[in-house]
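S.K.: Fold the following and give me the result.
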Amino acid sequence: MSDTRTPAQIEADIIGRREQLALVLDEIGVRVHPKTIMGDAKAKVASTVDRTAGRAFVAVNRSVSDVKAQFVAEDGSPRLERVVPAALLVAGAVSLLVVSSRRRKRC
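M.R.: You can find the predicted model right below:
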């Protein structure tokens with residue numbers, strides 16, 4: 001098997017390969033540059049935080065909707081049979097906290 005290319009063709013191939021190699025090395029240089037690595041890491045963290053925050057928002061929104069459904073009827077009117085006992089429990093808990101706080105201040 002003999003190579004039938006001319007010296008000019010071989011030289012042109014070498015020049016083409018050098019140019020390709022230079023492009024590859026430039027790309028590698030960009031990819032391993034500390035600023036590029038930090039930028040990629042920041043983007044990945046931001047994406048993870050956005051995704052986690054989005055999931056948290058959906059979960060909280062669902063929980064709030066579930067709690068609201070317990071105290072508000074579908075027509076928007078309050079369910080007094082549930083609102084009044086809950087309000088009494090909250091008032092009792094606040095009263096206990098106030099009394100407890102006053103006792104601690106006296107001692």
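S.K.: going forward, measure contacts between C-alpha atoms and count neighbours the same way
M.R.: Will do.
S.K.: buried stuff in stretch 65-80?
M.R.: Buried positions in stretch 65-80, judged by neighbour count with 16 or more other Cα atoms under 10 Å: 71, 72, 78.
S.K.: What residues are bridge-paired with the last one?
M.R.: So the one you mean is residue 78. Residue 78 has these beta-bridge partners by DSSP bridges: residue 72.
S.K.: could the buried residues of stretch 65-80 be laid out in a markdown table, adding distance to residue 61?
M.R.: Listed next are the buried residues of stretch 65-80 as a markdown table, based on distance: Cα to Cα, whole Å:
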| residue | distance to residue 61 |
| --- | --- |
| 71 | 16 |
| 72 | 16 |
| 78 | 20 |
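S.K.: starting at the chain centroid, how far to stretch 78-94?
M.R.: The gap between the average C-alpha position of stretch 78-94 and the chain average comes to 36 Å, counting by Cα atoms, centre = their mean, to the nearest Å.
S.K.: for stretch 82-101, same thing?
M.R.: Distance, stretch centre to chain centre, for stretch 82-101: 37 Å (Cα atoms, centre = their mean).
S.K.: what pLDDT, on average, does that stretch get?
M.R.: For stretch 82-101, the mean per-residue pLDDT is 92.
S.K.: what's next to that stretch, contact-wise?
M.R.: Stretch 82-101 is contacted by residues 70, 71 when judged by Cα atoms under 8 Å, 6 or more residues apart in numbering.
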